[in-house]
Every structure is written in C-alpha cells, then in structure tokens.
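Enquirer: From the sequence below, what's the structure:
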Amino acid sequence: METTKKPQLNPLLKLALDLGPLLLFFLANSRYGIFVATATFMVAVLAALAISYVMTRRLPIMPVVTAIIVVIFGGLTLILHDATFIKVKPTIIYALFGAVLVGGLFFNKPLLGVVFDSLFQLTDEGWRRLTRRWAIFFFALAVLNEIVWRNASTNVWVDFKVFGVVPLTFLFAALQTPLLKKYAAEPAPAGE
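Expert: Modelled structure (predicted):
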C-alpha cells in the first residue's frame with residue numbers, strides 16, 4: 001500500500017520563510033523604528049504562514065503558535081505604543097516551546113520527533129535526548145532575551161535577535177550532529 005507523501009517546502013524557501021520576517025523586522029527597525037518594525041514583522045509572519053500553507057496545504061504547529069504570539073504582542077505594542085510587549089514576546093515563545101518539550105518528556109512523548117520527523121529518523125532514546133537538549137536551549141534563550149532587552153537599547157536588542165539568536169540557533173543545531181549520528185534509526189523496510 002502506497003502512502004501519499006506530505007508536500008515539503010524547498011529548504012531554501014523554508015529558510016527564507018523562517019528568517020525573512022525577522023530580517024524585515026531588523027531592516028524596518030533600522031530605518032523607521034520599533035513600531036513600524038513591529039507592524040512589518042506582524043504582516044511578514046502572517047504572509048510567511050500563508051505562503052507555507054498554500055505550498056504544503058498544512059500549517060506547522062511551531063510557526064502557527066509563533067504567529068499567534070507575534071500578532072497578540074505586536075498588537076499590544078502598537079495599540080499601547082509600548083515596545084516592552086514585542087521585547088517580551090521571544091521570552092514567552094522560547095519558554096513556551098521549552099515547557100511544551102519538557103511536558104512531552106514528562107508524558108514520555110518526545111514532541112520534537114513530531115516537529116522533525118520528516119528531516120531525520122532517531123531511536124526513541126535519541127528523540128528523548130535531543131528533546132531534552134532543545135528544551136534547555138529554549139529556556140536559555142528565554143533567559144538571554146530577558147537579560148538583553150532589560151539591559152540594552154531597543155536597537156541593540158533588535159540586533160541581538162538577528163545577529164545573536166539566529167547564529168546561536170544554527171550553531172546549537174550543528175552541535176547536535178554527533179547525537180543525530182549516534183542515535184540514527186534504521187529506516188523501515190519498504191512496504192511497512
């Protein structure tokens with residue numbers, strides 16, 4: 001019995017949809033300030049989500065949750081004219097993702113496997129270890145975001161989001177390669 005494969009985004013397009021809104025946020029902030037940047041970010045996040053849906057006919061959970069939080073906190077930033085809300089948004093997202101991953105581990109359901117299942121296959125122990133590491137990483141990013149936004153100017157905080165968090169995330173992901181190799185699962189035989 002043949003199963004239909006879910007449509008996947010081209011990796012470069014996926015990267016553009018993931019990073020594009022953040023880069024637009026950075027560019028708008030450098031030229032027009034945090035409030036225009038926030039509005040630009042909100043529109044860009046929703047547009048990226050819509051493009052992803054049109055191309056795959058499904059909505060990945062992490063981008064949906066992120067978009068909801070961006071719209072809520074971005075809206076509060078614009079309505080109340082207070083940049084604190086957009087600055088706190090990453091803390092909430094990172095803490096939420098970390099908590100969800102820990103919760104999944106608590107119930108013996110390493111949820112990271114659901115997010116990454118199309119990228120690679122791991123043993124159950126591999127998924128548990130990788131989930132634990134990403135949960136810790138998300139909590140560390142939440143703390144780091146709090147430290148930066150509370151102790152730096154808005155422009156420095158925006159720079160940190162683009163030139164600090166993004167490279168840190170790529171570096172952290174690359175450092176997981178030995179774990180991915182060690183706990184790689186054998187592919188299931190065809191027909192199963």
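
Enquirer: make it CA atoms for all contacts and neighbour counts henceforth
Expert: Fine.

Enquirer: for the chain, longest helix please?
Expert: Using DSSP state H to define each element, the chain has its longest helix at helix 124-151.

Enquirer: Which strands and helices lie in contact with it?
Expert: The criterion is 3 or more Cα pairs under 8 Å, 6 or more residues apart in numbering; DSSP states H and E, and the helices and strands that helix 124-151 contacts are helix 84-106, helix 112-116, helix 154-160, helix 177-182.

Enquirer: would a markdown table of those with mean pLDDT be doable?
Expert: Below are these laid out as a markdown table (pLDDT from 0 to 100):
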| stretch | mean pLDDT |
| --- | --- |
| helix 84-106 | 95 |
| helix 112-116 | 72 |
| helix 154-160 | 96 |
| helix 177-182 | 95 |
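
Enquirer: now for those helices, which one comes closest to Pro60?
Expert: Taking Cα to Cα as the measure, the helices and strands packed on helix 124-151 were each checked against Pro60, and helix 112-116 came out nearest at 8.0 Å.

Enquirer: mind giving me CSV with the helices and strands packed on helix 124-151 and columns for distance to Leu27 and mean neighbour count?
Expert: Written out in CSV, the entries for the helices and strands packed on helix 124-151 read as follows (distance: least, Cα to Cα, whole Å; neighbours: other Cα atoms under 10 Å):
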stretch, distance to Leu27, mean neighbour count
helix 84-106, 16, 19
helix 112-116, 29, 15
helix 154-160, 10, 18
helix 177-182, 32, 12
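
Enquirer: right, so of the ones you listed, which gets closest to Arg129?
Expert: Evaluated over the helices and strands packed on helix 124-151, closeness to Arg129 peaks at helix 177-182, with 8.2 Å, by Cα to Cα.

Enquirer: Which residues are in contact with Trp134?
Expert: Under the criterion of Cα atoms under 8 Å, 6 or more residues apart in numbering, the contact partners of Trp134 comprise 98, 101.

Enquirer: let's see 10 Å
Expert: The neighbours of Trp134, taking Cα atoms under 10 Å, 6 or more residues apart in numbering as the test, are 97-98, 101-102, 112, 140, 169, 172-173, 176.

Enquirer: do the same with Ala173
Expert: 130, 133-134, 137, 167.

Enquirer: looking at this, it is in a helix?
Expert: Yes: under DSSP: H, G, I helix; E, B strand; the rest coil, Ala173 sits within a helix.

Enquirer: quick one: pLDDT of it?
Expert: Model confidence at Ala173, expressed as pLDDT, equals 94.

Enquirer: Likewise for Ala83?
Expert: You'll see Ala83 listed with a pLDDT of 97.

Enquirer: wait, doesn't it sit right on Gly74?
Expert: Yes: using Cα atoms under 10 Å, Ala83 is in contact with Gly74, at 8.6 Å.

Enquirer: Pick out the least confidently modelled helix or strand of this protein, by mean pLDDT.
Expert: Lowest mean confidence among the helices and strands of the chain (mean pLDDT, DSSP states H and E): helix 112-116, at a mean of 72.

Enquirer: Show me what that one is in contact with.
Expert: Contacts with helix 112-116, where a contact means Cα under 10 Å, 6+ apart, come from 60-62, 97, 100-101, 104-105, 119-124, 126-128, 130-132, 134-135.
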